[in-house]
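**Student:** Curious how this folds, go ahead:
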Amino acid sequence: MTRVAAIDLGTNATRLLVADVSNGDMTEIVRRTRITRLGEGVDARRRLLPVPIARVRNALTDFRREAEELGAERALAVATSAVRDAENGEAFLGEIEWSYGFATRLLTGDEEAAMTLSGVGPLPAGTVVVDVGGGSTELITDGFRTSLDLGCVRLTERYGADLDAMAADVRSALPPLEAERALNVDGTTAELAALSGDRTVTVAQIDRALAWIVEASDAERRARLIEPDRSDVLAAGVVVVRETLRHLRLDATTASDRDLLNGIALAAARLPEPREGDAPPGAYTCC
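**Tutor:** Next up, the predicted model:
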């Protein structure tokens, strides 16, 4: 058994999973999410900006401390859409590895889809896994993987409150694909499930939730959300979920309790065993 720390450096959220992994089986110890908005401004500027980087570093300082306290033996931090798109993305990852001692990996869209699928585990035939992120959306089946440059942060920055424009953008990007059922592994759908009171949410429930999100004040939304800081980009994420289901001619999706973080944890367990002196100078001491 190996205790690992998995870190997802997402466009909207920075997330931590500490888990025990043994022969592909996993027992979760703790899971944390911070809305850090690393991808803020990346769609327009193609650079990670200083303030979002600082928010991520603050989260990683706490995550590093908690992972050490829980006895994590190996740690892997994975970066996705925002870091892929940013001119300074690789430099950012190098700085994270140097400062915190995490192994790091920058995933292509296809690699992100594959790692998500590994985290979710075997799928019933006809299932499509949908992951609506801050900067990209992945659609995954046993025989098909794609990553679209559509996410809740990216669409909100492009279109503001114009949901019709968002929906048109999503519809134009969705590929031909058939599925019998959908499994969503994203924070947007977790919020929809919490709002509806059921892990399976129908398109009709999604339409009602979207109407409420648009009409409610920010304070009203924040009072009901699992992650209140998701409030300002939630409508865009819901549009992606809804348009994807309509495109697939499905009337519902189910919120998964396993996702990319689980795939990162499995990959972390396969890292070489750390040796004394392997950590770079400055690791574990960054403020």
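
**Student:** which residues sit in contact with residue 154?
**Tutor:** Each residue near residue 154 by CB atoms under 8 Å, 6 or more residues apart in numbering is listed here: 11, 39, 43, 81, 134-136. C-beta here means a position set from N, CA and C on the backbone, and glycine is covered the same way.

**Student:** Buried among these? Need that as a selection in PyMOL.
**Tutor:** Burial among the contacts of residue 154 is assessed by 16 or more other CB atoms under 10 Å; the matching PyMOL selection reads:
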select buried, resi 11+39+43+81+134+135+136
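
**Student:** Run a quick neighbour tally on residue 198.
**Tutor:** By the measure other CB atoms under 10 Å, the count of residues near residue 198 is 14.

**Student:** actually residue 219, not the one I typed
**Tutor:** 9.

**Student:** What residues of the helix or strand encompassing it count as buried?
**Tutor:** In this assignment (DSSP states H and E), residue 219 forms part of helix 218-224. Going by neighbour count (16+ other CB under 10 Å), the buried part of helix 218-224 is residue 221.

**Student:** Quick one: name whatever helix or strand follows it.
**Tutor:** Next in sequence after helix 218-224, counting helices and strands by DSSP H and E, comes helix 234-248.

**Student:** about what we covered before: can you list the neighbours in contact with the helix holding residue 219?
**Tutor:** Where contact means CB under 8 Å, 6+ apart, the residues beyond helix 218-224 that reach it are 194-195, 213, 228-229, 231-232, 234.

**Student:** cutoff 7 Å now
**Tutor:** With contacts defined as CB atoms under 7 Å, 6 or more residues apart in numbering, helix 218-224 is touched by 195, 213, 228, 231, 234.

**Student:** ranges for the strands of the stretch 101-250 of the chain?
**Tutor:** 103-106, 127-132, 137-141, 144-148, 181-184, 200-202 (DSSP state E, counting those that start in this stretch).

**Student:** Break down the stretch 151-287 of the chain into its helices, ranges please.
**Tutor:** In the stretch 151-287 of the chain, the helices defined using DSSP state H, counting those that start in this stretch lie at 152-159, 163-173, 187-196, 203-215, 218-224, 234-248, 260-269.

**Student:** deepest of those helices, which one?
**Tutor:** Scoring the helices of the stretch 151-287 of the chain by mean neighbour count under mean count of other CB atoms under 10 Å gives helix 260-269 as the most buried, with a mean of 25.
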